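Chemist: Quick one, what's the 3D model for this:
(2 chains)
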Protein chains: 2
Amino acid sequence: MVYSIKECGSIIEEQIKKLRIGHNAPKHLYEPVAYMLECGGKRLRPALTLMACNLFSDDIQQAIMPAVAIEVFHNFTLIHDDLMDNADVRRNRPTVHKKWSENTAILSGDAMHALAYRYLCRAPIELQPSLLNAFSIAALAVCEGQQYDMDFESDNEVTVENHFRMITLKTAALITASLCIGAICGGADQQNIETLHRLGVKFGTAFQIQDDWLDVYGNSDVFGKKLGGDILEGKKTYLLLTALQTADSDTGARLLSLLNNRTLPPEDKIGNVKAIYDQLEINQKAKQAISYCHSECASLLEKVNLSDNSRKKELENLITQLFNREK
Amino acid sequence: MVYSIKECGSIIEEQIKKLRIGHNAPKHLYEPVAYMLECGGKRLRPALTLMACNLFSDDIQQAIMPAVAIEVFHNFTLIHDDLMDNADVRRNRPTVHKKWSENTAILSGDAMHALAYRYLCRAPIELQPSLLNAFSIAALAVCEGQQYDMDFESDNEVTVENHFRMITLKTAALITASLCIGAICGGADQQNIETLHRLGVKFGTAFQIQDDWLDVYGNSDVFGKKLGGDILEGKKTYLLLTALQTADSDTGARLLSLLNNRTLPPEDKIGNVKAIYDQLEINQKAKQAISYCHSECASLLEKVNLSDNSRKKELENLITQLFNREK
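Modeler: From the prediction side, this is the model:
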């Protein structure tokens, strides 16, 4: 059978609930873990794992714990990223270090990192070496990507290419692993795993560009946080880097001086930067980049070699849905 | 052949050097990793892994990368513990968060945690599921133990039994895993692995009691840091908990009031607490506890079932050496 996006989501939610993580001892360690895991989120990565497994197998049972492992790992990275960025709010609630303490965020995050591997041990034994390999490659890549992202904050020479390499590590690696781990659980052959790997890189890259696009051009009622945050922080997004790369020297200088201006009221800063973006057609350029990635994803999904192509429908829907997301 | 303690140590040092971790990119991530890994330390855990493997196999090649994985994991916990404890110095050098920044300590620590699993992937495939299981159990236990240790700081009801449970998680779990992972790599049967597991718990417990003993009764010239640090911090060590448990109510109250006294000069505080310890024969009691663990370790090592008992000699020497260590 082919599971729908919704069914995959429910399976993950149910499994996470069933683990009753918040009831483990010591409670000061596991309560923040449960707080982080049980407050929703898109569950994109574990859903990708189940759906990738489902491409190759009717039975997705063996992919459930690896999918949960990926979601637990992802949430660990959010706790530590929020601490490093000193962010106050995540999913409309206080971040772990704000609600508890910095030490709690460090240690509960570490415990989630370890817990992810405990859950990987619940996969069928014969799959564990391949799963461990795919998982740990992604885990290390995420750390490397986060470091590049931090390095780029104070680096004025970042190119769009550097940025893509950073995204490939920080965002796309875990999305890629989600797909490949699902495929491994479903018994996919090496060639199909490699195709899904390439799809994951494209999809993860588009996912990040879209995040950055939403921060500027999204619908603030739906987006869940104030628009323009990246502009105020001077974050080197695809949008900003493309603007700097395509602007003439005068416009580029004006853009940089706007971003470095510490006296301008926030709304004016956002408005003025957006005006330059409009002049440089950054909205369209970002949409084109996303759309290019989307068509690449579609053609890679086509290349996945199955006897029954109708099995791809749900994953195709999920990808389209995510390319049209508003938050 | 049977490898000596020294040979095992050299193999580990060489392997760590050969990995050239500090040359990886991004350098802001890997330089602190190399700084932490290449500055020595006792290398106790990886040595235990190689020696446990060597009990069962002449060839210890397959245990080298798992041993390095354990050492990398151990050093990750030191970076994060130092950050959580706000410690300035480790092995006579500034701690990672002091030398670089708190964010560097968080992220480089996370990278080491991930890196440990990358190295585990270099073990023979057929061993990986057992290794992953033993490794991840210990990894999670260490986090749980660290949380109990932090909880106990503000808990006035901690018993010696609670303390032992905490040590079993925080210190003994990784020492136990070091032995078991070595045994798995050497092809040990389940019964021998279980015996080494029990040995690890005893050994790890003794190791921690001895750390606490050295902090009070050690030779300050050899110890490498000032004596009495635990007393000044009011740390709930085996020594303090045993003192509180055996003292009459007057002496117990005097001890607590001394520990809570914030105006007494440090040297006086240490001297007065030591006087109470002397009165309660805490020095002897701690030595007895260590000595009891030592004889338990010896009898468990005897129970390990080998065709050639002479193979146990080096591990026996290492254990005796560590029970007599001065730092």
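
Chemist: near chain B, which residues of chain A?
Modeler: Within chain A, the positions near chain B by C-beta under 8 Å from any C-beta of the partner chain are A:25-26, A:28-29, A:80, A:83-84, A:103, A:106-107, A:109-111, A:113-115, A:117-118, A:120-121, A:125, A:128-129, A:132-133, A:135-137, A:139-140, A:142-144, A:146-148, A:150-151. For glycine as for every other residue, the C-beta is placed from the backbone atoms N, C-alpha and C.

Chemist: Mark which of the residues you listed are part of helices, please.
Modeler: If you go by DSSP state H, those have A:28-29, A:80, A:83-84, A:103, A:106-107, A:109-111, A:113-115, A:117-118, A:120, A:128-129, A:132-133, A:135-137, A:139-140, A:142-144, A:146-148, A:150-151 in helices.

Chemist: Can you identify each of the strands in chain A by residue range?
Modeler: With DSSP state E as the criterion, chain A has strands at A:89-90, A:93-94.

Chemist: What separation is there between the closest residue in space to A:Arg254 that isn't next to it in sequence and B:Ile270?
Modeler: The shortest distance from A:Arg254 to any non-neighbouring residue, by C-beta to C-beta, 6 or more residues apart in numbering or on different chains, is to A:Ile276 (6.8 Å). Separation of A:Ile276 from B:Ile270 (C-beta to C-beta, to the nearest Å) stands at 65 Å.

Chemist: And the two? Which one has more around it.
Modeler: B:Ile270 (20 against 16; other C-beta atoms under 10 Å in any protein chain shown).

Chemist: who are the neighbours in contact with A:Val33?
Modeler: Going by C-beta atoms under 8 Å, 6 or more residues apart in numbering or on different chains, A:Val33 touches A:Ile21, A:Gly22, A:Ser108, A:Ala111, A:Met112, A:Leu115.

Chemist: just the CA coordinates of the lowest-mean-pLDDT helix or strand in chain A, formatted as PDB?
Modeler: Scoring the helices and strands of chain A by mean pLDDT, DSSP states H and E places helix A:220-223 at the bottom, with a mean of 74. Output of helix A:220-223 as PDB, limited to C-alpha atoms (Å, rounded to 0.1, in the frame of the first residue of the first chain):
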ATOM      1  CA  SER A 220       3.100  37.700   7.800                       C
ATOM      2  CA  ASP A 221      -0.200  36.400   9.100                       C
ATOM      3  CA  VAL A 222       0.700  32.800   8.100                       C
ATOM      4  CA  PHE A 223       4.500  33.000   8.500                       C
END
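
Chemist: still on that earlier bit, wait, isn't the residue nearest to A:Arg254 in contact with A:Leu256?
Modeler: No: counting by C-beta atoms under 8 Å, A:Ile276 stays clear of A:Leu256, with 10.5 Å between them.

Chemist: just how off-centre is stretch A:207-225 within its chain?
Modeler: Distance of stretch A:207-225 from the chain centroid (C-alpha atoms, centre = their mean, to the nearest Å) equals 14 Å.

Chemist: Which residues outside that stretch are in contact with it?
Modeler: With C-beta under 8 Å, 6+ apart as the test, stretch A:207-225 has contacts from A:89, A:91-92, A:167, A:170-172, A:175, A:226-231, A:235, A:237-239, A:274, A:277, A:283, A:286-287, A:289-290, A:293, A:322-323, A:325-327.

Chemist: and what of stretch A:90-101?
Modeler: A:28, A:32, A:35-36, A:39-41, A:78-79, A:82-83, A:87-89, A:104-105, A:108-109, A:224.

Chemist: Let's see that with 10 Å instead.
Modeler: A:28, A:31-33, A:35-36, A:39-42, A:75, A:78-89, A:102-109, A:224-225, B:84, B:150 (C-beta atoms under 10 Å, 6 or more residues apart in numbering or on different chains).

Chemist: where are the low-confidence patches of the stretch 151-300 of chain A?
Modeler: Along the stretch 151-300 of chain A, segments meeting pLDDT under 70 span A:224.

Chemist: and the residue of it nearest chain B?
Modeler: Going by C-beta to the nearest C-beta, chain B is nearest to A:Asp151 of the stretch 151-300 of chain A, at 5.9 Å.

Chemist: count of residues packed around that residue?
Modeler: For A:Asp151, using other C-beta under 10 Å, the count is 16.

Chemist: For A:Asn75, give me its contacts.
Modeler: Going by C-beta under 10 Å, 6+ apart, A:Asn75 touches A:33, A:35-37, A:39, A:41, A:45, A:90, A:96, A:108-109, A:112, A:115-116.

Chemist: if we go to 6 Å?
Modeler: The neighbours of A:Asn75, taking C-beta atoms under 6 Å, 6 or more residues apart in numbering or on different chains as the test, are A:Met36, A:Leu37.
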